[in-house]
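Undergrad: predicted coordinates and the sequence they were generated for:
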Protein chains: 2
Amino acid sequence: MMEKLFIIKIGGNVVDDAVALESFLKKFAAIEGTKILVHGGGKIATAIGRQLGIEPNYINGRRITDAATIDLVTMVYGGLINKQIVAALQSMHCNAIGLTGADANIILANKRPAKEIDYGFVGDIKNEKVGAESLTVFLNNGLVPVIAPLTHDGNGQLLNTNADTIASTLAVALSKLYDARLIYCFEKKGVLENVDDETSVITLINKEKYQQLLDDKKLADGILPKIENAFAAIDSGVNEVLIGDANDLLQNITENTIGTLIKP
Amino acid sequence: MMEKLFIIKIGGNVVDDAVALESFLKKFAAIEGTKILVHGGGKIATAIGRQLGIEPNYINGRRITDAATIDLVTMVYGGLINKQIVAALQSMHCNAIGLTGADANIILANKRPAKEIDYGFVGDIKNEKVGAESLTVFLNNGLVPVIAPLTHDGNGQLLNTNADTIASTLAVALSKLYDARLIYCFEKKGVLENVDDETSVITLINKEKYQQLLDDKKLADGILPKIENAFAAIDSGVNEVLIGDANDLLQNITENTIGTLIKP
């Protein structure tokens, strides 16, 4: 039987809220066994960027990562947020190591080709470009990787990369070596039947249920990419994906009784 | 015979100059064998800080690291500079991994006690607080640590820490496991007999010569702490320390024929 590996992703709603973050990190630190944390960006990058005269740049509603912005997110995601999380986890006796995809070459990406929109310095990643070997060295030595949403192109360029995608890609790459469990924390208790009713959590989504939810147009824009990522991960070897509220999920992570479980 | 380990420190003069930095990194990447890079801060932190309204704060001529400044240097040293160096080294097929002292708990420090001056979030380090075991895991797996001038106190606080001291402390801690060579790169060709004459490099400083230079008051303020650090490292097990120009030194690192060699 393969060893269990929890790959847990938190987004801006946790990162931006000092109280929620500390509460989450305490629970994360307490998880026994092998684990990886992937964190998103948060609004602090936008706030610091504004002070530096870097206004968010959108084309057709999609955020563009220009040269100033990739420097900004390298500072804020790879430096400030990542290292503050690492230092906090160390104080909780969790031997964290903060990484971007460039570090130890763990995630190589391709700069997204400019088609209708030039997204700038944004990285698209593939399962086979994950340095699973280096990650395994860290995990085998009791280190807990804390991964910022940044990758590199192998030619010296850092790239802004979606944290959900990083988490699912890592889960797939490591599912050959571990019983990989992917956990997406977000601001809701789980996937909701009725987006206005927090108690309407769908406890299990299999492919049949997924198709039904799609047909009934019940999935909000925000949750759809997460479920797509989840099924892509499952199709590539990840056993199950759990989606829900950060604090709830980690309360009882080995039981999987809270949130939405996604299985084939 | 123990394996050779080069611990090379570069300062702001290299970090701030894109051309000098790239030239240095190419030579660094080409060094065969086991190596660690420690980098200093550079003026870019001051420039970014100014844009963010963080003015350098001095008391009696000593820079103070207040709460805003530790966040600033965490972003700039731990994020921007560190990750740009890592991505550049990766493009040169050097498997770099960027770290602060908090990562993998490699350098634990004490916040400097406030006496006449409260330096703020500044860390003082001790040889015995280096996580040599984690560093050895990285080195044994072909990874090249790139270390930012930041440590942590174990209670969740990051601390601004002198890069020269980090380099000498790492050299001492690792000298039990490696034939550790400490190399300080700075803006001169070496320690100069006459500070105005670049050709007056002193090729060898032993303790006798050091005392003589002190007696003759020939050591400029800038070089004195470096030589003190160097002899402290040598007294604690480091075989030799080399001081000189980044590009010169790395040209011929295994020969030690350029710059100033410091030996007992």
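TA: Looks like it came in fine.
Undergrad: CA only for contacts and neighbour counts going forward, please
TA: Fine.
Undergrad: which residues does stretch A:81-91 contact?
TA: The contact list for stretch A:81-91, computed with Cα atoms under 8 Å, 6 or more residues apart in numbering or on different chains, reads A:15, A:22, A:25-26, A:29, A:39, A:41, A:76, A:95-99, A:146-148, B:74, B:78, B:100, B:102-103, B:105, B:152, B:154-158.
Undergrad: mind checking which of those residues land in helices?
TA: Those of the contacts of stretch A:81-91 mapping onto helices are A:Val15, A:Glu22, A:Leu25, A:Lys26, A:Ala29, B:Thr74, per DSSP state H.
Undergrad: of all the residues you listed, which comes closest to A:Asn140?
TA: For A:Asn140, the closest of the ones in helices among the contacts of stretch A:81-91 turns out to be A:Ala29, at 16.9 Å, with distances computed as Cα to Cα.
Undergrad: and the residue of chain A found nearest chain B, what's its pLDDT?
TA: Taking Cα to the nearest Cα as the measure, chain A has A:Gly79 as its residue closest to chain B, at 3.5 Å. At A:Gly79, the model reports a pLDDT of 98.
Undergrad: before we move on, what about A:Ile243?
TA: 93.
Undergrad: for A:Leu219, same thing?
TA: Here, the pLDDT recorded for A:Leu219 equals 84.
Undergrad: name the SS class of it, please.
TA: Reducing the assignment to helix, strand or coil with DSSP: H, G, I helix; E, B strand; the rest coil, the entry for A:Leu219 is coil.
Undergrad: narrow the contacts of stretch A:81-91 to just the buried residues.
TA: A:15, A:22, A:25-26, A:29, A:39, A:41, A:76, A:95-99, A:146-148, B:74, B:78, B:100, B:102-103, B:105, B:152, B:154, B:156-158 (16 or more other Cα atoms under 10 Å in any protein chain shown).
Undergrad: now intersect the residues you listed with the strands, please.
TA: Using DSSP state E to define strands, the subset of those located there is A:His39, A:Ala96, A:Ile97, A:Gly98, A:Leu99, A:Val146, A:Ile147, B:His152, B:Leu158.
Undergrad: which of the residues you listed sit farthest apart?
TA: Within these, A:His39 and B:His152 form the most distant pair, 20.6 Å apart (Cα to Cα).
Undergrad: how about the strands of chain A, start to end?
TA: Secondary structure of chain A by DSSP E: the strands cover A:4-10, A:34-39, A:58-59, A:62-63, A:96-99, A:107-111, A:123-130, A:144-147, A:150-152, A:158-160, A:179-186, A:204-205, A:240-245, A:260-262.
Undergrad: turn these into CSV, columns for distance to B:Thr65.
TA: As requested, those are exported to CSV (distance: least, Cα to Cα, whole Å):
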stretch, distance to B:Thr65
strand A:4-10, 30
strand A:34-39, 27
strand A:58-59, 36
strand A:62-63, 34
strand A:96-99, 23
strand A:107-111, 34
strand A:123-130, 35
strand A:144-147, 26
strand A:150-152, 28
strand A:158-160, 29
strand A:179-186, 35
strand A:204-205, 51
strand A:240-245, 37
strand A:260-262, 45
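Undergrad: so who does A:Thr177 touch?
TA: Small correction: residue A:177 is Leu, not Thr. For A:Leu177, the residues meeting the contact criterion (Cα under 8 Å, 6+ apart) are A:Met2.
Undergrad: make it 10 Å
TA: Taking Cα atoms under 10 Å, 6 or more residues apart in numbering or on different chains, we find A:Leu177 in contact with A:Met2, A:Glu3, A:Lys4, A:Leu5, A:Ala132, A:Glu133, A:Thr136.
Undergrad: the fifth one contacts A:Leu170, doesn't it?
TA: Yep, that's A:Ala132 we're talking about. Yes: using Cα atoms under 10 Å, A:Ala132 and A:Leu170 qualify as a contacting pair, with a distance of 7.9 Å.
Undergrad: what sits in contact with each of those two?
TA: Taking Cα under 10 Å, 6+ apart as the contact rule, the neighbours common to A:Ala132 and A:Leu170 are A:Ile106, A:Ile107.
Undergrad: comparing those two, which shows the higher neighbour count?
TA: Set side by side, A:Ala132 and A:Leu170 show more neighbours around A:Leu170, with 28 against 22, by other Cα atoms under 10 Å in any protein chain shown.
Undergrad: what's the local residue count around A:Pro225?
TA: 14.
Undergrad: then A:Gly42?
TA: By the criterion of other Cα under 10 Å, A:Gly42 has 18 neighbours.
Undergrad: isn't it right up against A:Ile48?
TA: No: checked against Cα under 10 Å, the pair A:Gly42 and A:Ile48 is beyond contact range at 11.0 Å.
Undergrad: quick check: neighbours shared by the two?
TA: Between them, A:Gly42 and A:Ile48 have A:Val76 as joint contacts when contacts are counted by Cα under 10 Å, 6+ apart.
Undergrad: hang on, the earlier thing: what is the nearest of the ones in helices among the contacts of stretch A:81-91 to A:Asn229?
TA: Using Cα to Cα, A:Val15 comes nearest to A:Asn229 of those, at 21.1 Å.
Undergrad: quick one: that closest one and A:Val38 touch, right?
TA: No: with contact defined as Cα under 10 Å, A:Val15 does not count as touching A:Val38 (11.0 Å).
Undergrad: tell me how far A:Leu204 lies from B:Asn105.
TA: Here the criterion is Cα to Cα, to the nearest Å. By it, A:Leu204 lies 39 Å from B:Asn105.
Undergrad: got the residues of the stretch 151-264 of chain A near chain B?
TA: With Cα under 10 Å from any Cα of the partner chain as the criterion, the stretch 151-264 of chain A comes near chain B at residues A:Thr151, A:His152, A:Asp153, A:Gly154, A:Asn155, A:Gly156, A:Gln157, A:Leu158.
Undergrad: ok, which pair from these is furthest apart?
TA: With distance counted by Cα to Cα, no two of those lie farther apart than A:Thr151 and A:Asn155, which are 11.4 Å apart.
Undergrad: overlap in contacts, those two.
TA: Common contact partners of A:Thr151 and A:Asn155 (Cα under 10 Å, 6+ apart): A:Leu108, B:Ala87.
Undergrad: still on that earlier bit, same list (the ones in strands among the buried ones among the contacts of stretch A:81-91) but as CSV, adding pLDDT and distance to B:Gly222.
TA: Putting these into CSV (pLDDT from 0 to 100; distance: Cα to Cα, whole Å) gives the following:
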residue, pLDDT, distance to B:Gly222
A:His39, 97, 41
A:Ala96, 98, 36
A:Ile97, 98, 34
A:Gly98, 98, 33
A:Leu99, 98, 34
A:Val146, 98, 38
A:Ile147, 98, 38
B:His152, 98, 26
B:Leu158, 98, 26
